[in-house]
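S.K.: show me how the following folds:
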Amino acid sequence: MNPPPSKRLKLNESENEDRLSDLHDYIILHILSFLNAKDAIGTCILSPRYKDLWKQLPNLTFRSYDFRTIKIFTNFVSKVLSLRDSSIALHALECSKSGCIEPRLLKKVVNYAISHNVQELKLSYLCDIELISNSIFSCKTLTCLKLSAYPRKDIKEKTLFPKSLNLPALTILHLGNFAFCACDNNAQVEPFSTFKRLNSLVLNNCALKDAVTLCISSATLVNFTVRSYSYDFYKIELCTPSLGTFAFIGKPFQRLSGSTLSYVKHVDIDAEILSMEMEPPLFLLNWLFKLTNTKSLTVTASTLQVP
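M.R.: The predicted structure follows:
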């Protein structure tokens, strides 16, 4: 039975109501923060209210593949940073660029983020890290740093991780394609000892240079993930009494050691072992012997199919 015309009209009016515009600016900005910068700024055409609202965004995400050309991407990033309300603190900034990024643009992005008290910074680029490392690794407000620095094509070695660090608030650190270099002909390297609040550490395709042991000493580290896709033989020595979760993805050619391994409760392993390459490494079996008090163990099917 069809409703009376008056009720049907009332229902249609409710459907056409712009409820989003009735929300507080804070809520709308929170919603826009989940979009990349290009799409978030594109909302300015929806109504006059949105025209300048994007200038107060607490999160900015720049990805080069959202643009037709690199020139358009570069101009867009520069214009957004120049027009954004400088009185608004920046909570998070992400800038990812396929291929080589212009050093001047990279410096502009990093300097803007740090000068606006950024807390979460994610950078993925092909460039010399020396151009920006001094400013990034001495930022007092950073709580989360995700950094993937790809060297130029004419440089085969991985980017060296800086030795001078001052990130007192850092709790989350993700590093990609870095090499940790020992000091004074020492056989071991300990790059994270200055991070007193570190809670989560991810090493993606990292390696050692002039060292055989990677020491990780942290009273606060809870989650540790290693992704390794090459034959990097080295030892990981853990002094992490709070470590609860260990995850590994890739080729298992690293040896684990440390008395605190018995504290780990959750282990995830996705090992890549190809029968045509070599004999299955014994390191994987050695890990299981050391992780004696594990409550949950997740192993992928490919890991179990050891030739």
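S.K.: measure L173 to A271 for me?
M.R.: Taking CB to CB, to the nearest Å as the measure, L173 falls 24 Å from A271. Backbone N, C-alpha and C define where each C-beta goes, glycine included.
S.K.: measure stretch 203-211 end to end?
M.R.: 17 Å (CA to CA, to the nearest Å).
S.K.: hey, which strand is longest across this structure?
M.R.: Longest strand in the chain, counting residues (DSSP state E): strand 92-100.
S.K.: sheet partners, orientation included, of that strand?
M.R.: In the sheet, strand 92-100 lines up against strand 59-63 (parallel), strand 120-126 (parallel) (DSSP bridges).
S.K.: between strand 59-63 and the helix or strand just after it, find me the angle.
M.R.: Helices and strands here follow DSSP states H and E; after strand 92-100, the next one along the chain is helix 103-115. Helix 103-115 runs at 160 degrees relative to strand 59-63, counting by axes from the mean of the first three to the mean of the last three CA atoms, to 10 degrees.
S.K.: show me what counts as buried in helix 103-115.
M.R.: L105, L106, K108, V109, V110, Y112, A113, I114 (16 or more other CB atoms under 10 Å).
S.K.: packing partners of it?
M.R.: helix 70-83, strand 92-100, strand 120-126, helix 133-136 (3 or more CB pairs under 8 Å, 6 or more residues apart in numbering; DSSP states H and E).
S.K.: mean neighbour count, distance to G42 and mean pLDDT for these - can I get that in JSON lines?
M.R.: Shown next, in JSON lines, are those (neighbours: other CB atoms under 10 Å; distance: least, CB to CB, whole Å; pLDDT from 0 to 100):
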{"stretch": "helix 70-83", "mean neighbour count": "16", "distance to G42": "11", "mean pLDDT": "93"}
{"stretch": "strand 92-100", "mean neighbour count": "18", "distance to G42": "17", "mean pLDDT": "83"}
{"stretch": "strand 120-126", "mean neighbour count": "20", "distance to G42": "22", "mean pLDDT": "85"}
{"stretch": "helix 133-136", "mean neighbour count": "16", "distance to G42": "30", "mean pLDDT": "75"}
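S.K.: coming back round to it: so which of the strands paired with strand 92-100 gets nearest C181?
M.R.: Distance to C181, taken as CB to CB, is lowest for strand 120-126 among those, at 20.6 Å.
S.K.: returning to what we had before: so which of the helices and strands packed on helix 103-115 comes closest to P252?
M.R.: Here strand 120-126 is closest among the helices and strands packed on helix 103-115 (CB to CB), at 25.6 Å.
S.K.: residues contacting the closest residue to T240 other than its chain neighbours?
M.R.: In space, and not counting its chain neighbours, T240 is closest to L221: 4.6 Å by CB to CB, 6 or more residues apart in numbering. Neighbouring residues of L221 by CB atoms under 8 Å, 6 or more residues apart in numbering: L198, N199, S200, L201, T240, S242, L243.
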